[in-house]
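# Sequence plus the predicted model coming up.
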Amino acid sequence: MDERFLKIEDNNNLVRDVSSNAILNTDRKAADEYRIKAQMFNDVRQQKNEINTIKQKLSDIDSIKSDMFEIKKLLKGLLKQNDIS
């Protein structure tokens, strides 16, 4: 083993970096699995954000449709009023 690292007792996958005093995991498979899970978590979070954005846009569209219906109703009322006069 490299002189920069000291083995941790009772755990073959951990070593201590003597220069930074950091504990490092030497199990590449576990590290790769962690990275994959972290990426999946980030992907799910991004998809949730996109879904929330779409929901907000749909809500905005519904609001605009409602406003347009109200404007149309008011315009029809004005046209009727002008026809009567």
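Received it, and whenever you're ready, just let me know what you need. Numbers count the residues shown, from 1 in each chain.

# Which residue ranges of this protein form strands?
Secondary structure of the chain (DSSP state E): strands located at 5-8, 11-17, 23-25.

# Output those in TSV, with mean neighbour count and distance to residue 59 appended to each entry.
(Each C-beta comes from the backbone N, C-alpha and C, glycine too.) Output for the strands of the chain, formatted as TSV (neighbours: other Cβ atoms under 10 Å; distance: least, Cβ to Cβ, whole Å):
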stretch	mean neighbour count	distance to residue 59
strand 5-8	14	53
strand 11-17	14	49
strand 23-25	12	45
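
# Which one of the ones you listed lies nearest to residue 39?
When the strands of the chain are compared for distance to residue 39 using Cβ to Cβ, the nearest one is strand 23-25, at 17.6 Å.

# So in that sheet, which strands flank that closest one, and in what orientation?
Paired neighbours of strand 23-25 in the sheet (DSSP bridges): strand 11-17 (antiparallel).

# returning to that earlier point: as JSON lines, the strands of the chain with distance to residue 70 and mean pLDDT would be great.
Listed next are the strands of the chain as JSON lines, based on distance: least, Cβ to Cβ, whole Å; pLDDT from 0 to 100:
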{"stretch": "strand 5-8", "distance to residue 70": "70", "mean pLDDT": "90"}
{"stretch": "strand 11-17", "distance to residue 70": "66", "mean pLDDT": "91"}
{"stretch": "strand 23-25", "distance to residue 70": "62", "mean pLDDT": "91"}
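
# Low-confidence ranges, this structure, go.
Applying pLDDT under 70 to the chain flags the ranges 1, 84-85.
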